[in-house]
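1. okay, predicted coordinates and the sequence, questions at the end:
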Amino acid sequence: MELSVVILAAGQGSRMRSKLPKVLHKLAHKPLLTHVIDVAEQLDAQDIHVVYGHGGEVVREALSDRKVSWVKQEAQLGTGHAVAQAVPRLVDDHTILVLYGDVPLTTKETLQALLACVSDTSMGLLTAVLANPHGYGRIVRNSDNIVQCITEEKDATDEVRKITEVNTGILAVSGAKLKAWLGCLKNNNAQGEYYLTDIIAMAVKDGLEVKTAHAGAVEEVEGINNRSQLARIERYYQRQQAEQLMTAGVTLKDPARFDLRGTVETGTDVIIDVNVILEGEVVLGNNVEIGANCLLINAVVGEGSIILPNSIIENSVVGTACTIGPFARIRPDTILANKVKIGNFVEVKKAQVGEASKINHLSYVGDSIIGKDVNIGAGTITCNYDGANKHLTEIGDGAFIGSDSQLVAPVKIGAGATIGAGSTITSDTPAEKLTLSRSKQKSIDSWSRPQKKK
């Protein structure tokens, strides 16, 4: 059977104490709901329906780029009522998989195992065994260990509450059967809600076998209801990613102090120190070393390059055998060729820096094209902004820019040119010549330092 997915994302999330809908709070820099949509897409679902609540238009706006069908639940009348809102869009001969927008870490493999439970004579239910099952619906089985029903905690007897196998809420069943059962739901329970879990007893009554699948880890099926849970699941998720990287050959100095908030492609013998954050799409070549406290966002770092501590690289490309930092900032649209050195407290933005060029200390280079073997001295800035527009600075191969120089764009520095320290350059300079602009130094013999009045 083809697959359709219904994701329930209408909960208000009051325990998050936030104006932001719960499903838009981020795990690994990505909304919780996005994680769930991603795994649904990995299952090759024909249709993905997201049920959102009153006032949840911000959810639709935040994920407007996703190919999903949006279904509004006007009133919060329970999970059964929420799924029922999607019924007009569900196909009878599809398998319907019900997921939750605040349960972000269920894996593709776990869901495939659940879907394998579905047939003409069976449905699938994802369960978990918890040491402390308080608050969860219990899986009630008969003496032959066959599932009979799910009893919610508030409706359970003391005996039923002792059961440690619990309902995760995630289930899979044929569309035709789901539609029929949803139409029979009643709200005669402690909450006055229409429980989706009541369809389990209906399935048993109709002679359908309820087959169970189990998550590889409890965290896979844990919902996020408050910020404490969000933080704990974040650490679990990050540890899983760290383990995968170390298995692939990456050295992490401390896996507990590493965050991957996107994807990373790594070569061999990559070393990553503590408190490093990788965000977006990052590529690290062979023998790359990332120092402590660095942030890389959508960055490519070439083979053998070293990123020293406390540096930021964003939307940029670093060539091979480069050295960056410490305390360097490489801003968007920067391309560094091979063997480039960017030193401490240097900021580079929207610049192309040629092979073996150096910007070693306390400088700002923006909107620039810099040739190879260029040396830019400490305290140099390209004055690229006139208050309204950005202008280009071009520096030819082999040029030497003396310390504390200002290059007022648009300006071209010729190949092999030398700019004397402390110069303000406002016009193009010739190749292979010294150019400087300084007031003449002089000493005043008759001058004396002011003294404090007694």
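-> Perfect, I can see it now.

2. send me the longest helix along the chain as CSV with only the CA atoms.
-> Identified as the longest helix of the chain according to DSSP state H is helix 227-247. Below are the C-alpha coordinates for helix 227-247, written out as CSV (Å, rounded to 0.1, in the frame of the first residue of the first chain):
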residue,chain,number,x,y,z
ARG,A,227,12.2,23.5,27.9
SER,A,228,13.8,21.1,30.3
GLN,A,229,12.8,18.2,28.1
LEU,A,230,13.9,20.1,25.0
ALA,A,231,17.4,20.7,26.5
ARG,A,232,17.7,17.0,27.5
ILE,A,233,16.6,15.7,24.0
GLU,A,234,19.0,18.2,22.4
ARG,A,235,21.9,16.7,24.4
TYR,A,236,20.8,13.2,23.5
TYR,A,237,20.6,14.1,19.8
GLN,A,238,24.0,15.8,19.8
ARG,A,239,25.6,12.8,21.5
GLN,A,240,24.1,10.5,18.8
GLN,A,241,25.6,12.8,16.1
ALA,A,242,28.9,12.9,17.9
GLU,A,243,29.0,9.1,18.1
GLN,A,244,28.4,8.8,14.4
LEU,A,245,31.2,11.2,13.6
MET,A,246,33.7,9.4,15.8
THR,A,247,32.7,6.1,14.3
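
3. what is the subsequent helix or strand relative to that helix?
-> For helix 227-247, the succeeding helix or strand toward the C-terminus, using DSSP states H and E, is strand 251-252.

4. sheet partners, orientation included, of the helix or strand following that following strand?
-> Of the helices and strands lying after strand 251-252 in sequence (DSSP H and E), the nearest is strand 258-266. If you go by DSSP bridges, strand 258-266 pairs up with strand 276-284 (parallel).

5. may I see the buried residues of the partner strand?
-> Neighbour-count burial for strand 276-284 flags 276-279, 282-284 (criterion: 16 or more other CB atoms under 10 Å). Any C-beta I mention is one placed from the backbone N, CA and C, and that applies to glycine too.

6. how about these, which pair is most distant?
-> Taking CB to CB as the measure, the buried residues of strand 276-284 reach their widest spread between Ile277 and Val283, a distance of 15.6 Å.

7. okay, Glu2: pLDDT?
-> Glu2 carries a pLDDT value of 94.

8. isn't Ile170 right up against Thr106?
-> Yes - in terms of CB atoms under 8 Å, Ile170 counts as a neighbour of Thr106; the distance is 6.6 Å.

9. mutual contacts of the two, please.
-> Common neighbours of Ile170 and Thr106 are listed as 99, 126, 221 (criterion: CB atoms under 8 Å, 6 or more residues apart in numbering).

10. could you list the low-pLDDT ranges of the stretch 301-450 of the chain?
-> Low-confidence segments of the stretch 301-450 of the chain, defined by pLDDT under 70, are absent; every residue clears the threshold.

11. which stretches in it count as helices?
-> Secondary structure of the stretch 301-450 of the chain (DSSP state H, counting those that start in this stretch): no helices located.

12. burial check on His361, number of neighbours?
-> The local packing of His361 (other CB atoms under 10 Å) involves 15 other residues.

13. and it, how far from Gly216?
-> Here the criterion is CB to CB, to the nearest Å. By it, His361 lies 51 Å from Gly216.

14. picking up where we left off before, and the longest helix of the chain, which residues are buried?
-> Of the residues in helix 227-247, those with enough neighbours to count as buried (16+ other CB under 10 Å) are 230, 233-234, 236-238, 241-242, 245.

15. which single one of those residues is nearest to Ile425?
-> When the buried residues of helix 227-247 are ranked by distance to Ile425 (CB to CB), Leu245 comes first, at 46.5 Å.

16. list the contacts for that closest one?
-> Taking CB under 8 Å, 6+ apart, we find Leu245 in contact with 252, 260, 264, 266.

17. and the second one, what are its bridge partners?
-> To tie it back to what came earlier, the one meant is Leu260. Going by DSSP bridges, Leu260 is paired in beta bridges with Leu278.

18. if we can go back for a sec, where's the dip in pLDDT among the shared contacts of Ile170 and Thr106?
-> Comparing pLDDT over those, Val221 scores lowest. The value there is 94.

19. ok, it - contacts?
-> Counting by CB under 8 Å, 6+ apart, Val221 touches 103, 106, 126, 128, 168, 170, 215.

20. try 10 Å
-> For Val221, the contact set (CB atoms under 10 Å, 6 or more residues apart in numbering) comprises 100, 103, 105-106, 110, 126-128, 130, 136, 166-170, 214-215.

21. what's it sitting at in phi/psi?
-> Note on Val221: backbone dihedrals following degrees, to the nearest 10 are phi -120, psi 10.

22. and the closest residue to it other than its chain neighbours, how close does it get to Ile376?
-> In space, Val221 comes closest to Thr168 once its chain neighbours are excluded; the distance is 4.0 Å by CB to CB, 6 or more residues apart in numbering. Counting by CB to CB, the gap from Thr168 to Ile376 is 58 Å.

23. so who does Asn310 touch?
-> The neighbours of Asn310, taking CB under 10 Å, 6+ apart as the test, are 275, 291-295, 325-329, 344-345.

24. let's have those in CSV, adding distance to Ile401 and neighbour count.
-> Converted to CSV, the contacts of Asn310 look like this (distance: CB to CB, whole Å; neighbours: other CB atoms under 10 Å):
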residue, distance to Ile401, neighbour count
Asn275, 34, 17
Gly291, 27, 21
Ala292, 31, 17
Asn293, 29, 18
Cys294, 27, 25
Leu295, 28, 20
Gly325, 20, 25
Pro326, 22, 16
Phe327, 21, 16
Ala328, 18, 24
Arg329, 19, 20
Asn344, 17, 16
Phe345, 17, 17
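
25. so which of those residues sit within strands?
-> 295, 329, 344 (DSSP state E).

26. Ser405: which of these is nearest?
-> Asn344 (18.3 Å).

27. what's opposite that closest one in the beta bridge?
-> Partner residues in beta bridges with Asn344, using DSSP bridges, are His361.

28. tell me who's in contact with it.
-> Contact analysis of Asn344 by CB under 10 Å, 6+ apart lists 308-311, 325-328, 360-362, 378.

29. in JSON lines, list these along with distance to Val140.
-> Conversion of the contacts of Asn344 to JSON lines gives the following (distance: CB to CB, whole Å):
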{"residue": "Leu308", "distance to Val140": "60"}
{"residue": "Pro309", "distance to Val140": "56"}
{"residue": "Asn310", "distance to Val140": "56"}
{"residue": "Ser311", "distance to Val140": "57"}
{"residue": "Gly325", "distance to Val140": "60"}
{"residue": "Pro326", "distance to Val140": "61"}
{"residue": "Phe327", "distance to Val140": "61"}
{"residue": "Ala328", "distance to Val140": "61"}
{"residue": "Asn360", "distance to Val140": "71"}
{"residue": "His361", "distance to Val140": "71"}
{"residue": "Leu362", "distance to Val140": "70"}
{"residue": "Ala378", "distance to Val140": "74"}
